[in-house]
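A.B. asks: The sequence isn't on hand, but the structure is:
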């Protein structure tokens, strides 16, 4: 976090936060989702506001569509600015592909340097015991699990509730 002498508008108060790594006052920003986010774009964000950013959260599995080197560069850039990197909600897609896919996904996240795997229940219901086993599996791989509890209405909130209700529910 910039010192008062380093930041602009020093006469204005800002909420003081502890230095990184923080356990409270954590700010998570969304990575590639509605628009692409390349290395130069992220570098601009982190050079200007990086002191306030604690986590970069990928969304919608966007990392799975990117070249491996591009993903690696984004993760390395985040780590150079003491920013953790989260997969965001994507494991529900992986779960539908079976046990081997889940094992592969966790290994690949670790290999690339992700810090956090979000274990989301926003789009599907996972029995509590299975959810707990999944969290333990992520932790055993040396990653942080970020359980997300609740029901999500629309990816990023952009889908109308009526549209989602019309789709109904199904067993993955």
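C.D. replies: Yep, it's here. Just so we're clear, the structure is a prediction, and the values are computed from it rather than from any experiment. Residues are numbered from 1 along each chain as shown.

A.B. asks: Can you tell me which helix or strand of the chain has the lowest average pLDDT?
C.D. replies: helix 161-167 (a mean of 69; mean pLDDT, DSSP states H and E).

A.B. asks: And the helices in this protein, which stretches?
C.D. replies: In the chain, the helices defined using DSSP state H lie at 39-49, 68-80, 91-95, 99-112, 128-140, 161-167.

A.B. asks: what about the first one, average pLDDT?
C.D. replies: Confidence over helix 39-49 (mean pLDDT, whole number) is 93.

A.B. asks: Give me the contacts around it.
C.D. replies: 29, 31, 53, 56, 70, 73, 74, 77, 78, 81, 83 (Cβ atoms under 8 Å, 6 or more residues apart in numbering). The C-beta positions use only the backbone N, C-alpha and C, and glycine is treated the same way.

A.B. asks: Nearest to residue 142 among those?
C.D. replies: Nearest to residue 142, judged by Cβ to Cβ, of the contacts of helix 39-49 is residue 78 at 17.3 Å.

A.B. asks: Next, find the distance separating the closest one from residue 147.
C.D. replies: Separation of residue 78 from residue 147 (Cβ to Cβ, to the nearest Å) stands at 22 Å.

A.B. asks: And for residue 92?
C.D. replies: 13 Å.

A.B. asks: Looking at those two, which one has more neighbours?
C.D. replies: residue 92 (18 against 14; other Cβ atoms under 10 Å).

A.B. asks: shouldn't the more buried one be in contact with residue 117?
C.D. replies: No - applying Cβ atoms under 8 Å as the test, residue 92 and residue 117 come out as separate, 11.8 Å apart.

A.B. asks: okay, and the common contacts of those two?
C.D. replies: What both residue 92 and residue 117 touch, as defined by Cβ under 8 Å, 6+ apart, is an empty set.

A.B. asks: In contact with residue 115, which residues?
C.D. replies: Taking Cβ under 8 Å, 6+ apart, one finds 84, 85, 86, 143, 144 in contact with residue 115.

A.B. asks: Under the pLDDT cut-off, which ranges of the chain? List them.
C.D. replies: Residues of the chain that meet the criterion pLDDT under 70 lie in 1-5, 121-124, 149-161, 164, 167-172.

A.B. asks: same thing but at 90, please
C.D. replies: 1-11, 13-19, 23-25, 30-38, 59-60, 89, 92-93, 96, 119-132, 147-172 (pLDDT under 90).

A.B. asks: returning to that earlier point: any chance of the contacts of residue 115 in JSON lines with neighbour count and distance to residue 163 as columns?
C.D. replies: Output for the contacts of residue 115, formatted as JSON lines (neighbours: other Cβ atoms under 10 Å; distance: Cβ to Cβ, whole Å):
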{"residue": "84", "neighbour count": "21", "distance to residue 163": "33"}
{"residue": "85", "neighbour count": "24", "distance to residue 163": "31"}
{"residue": "86", "neighbour count": "23", "distance to residue 163": "27"}
{"residue": "143", "neighbour count": "19", "distance to residue 163": "34"}
{"residue": "144", "neighbour count": "15", "distance to residue 163": "33"}
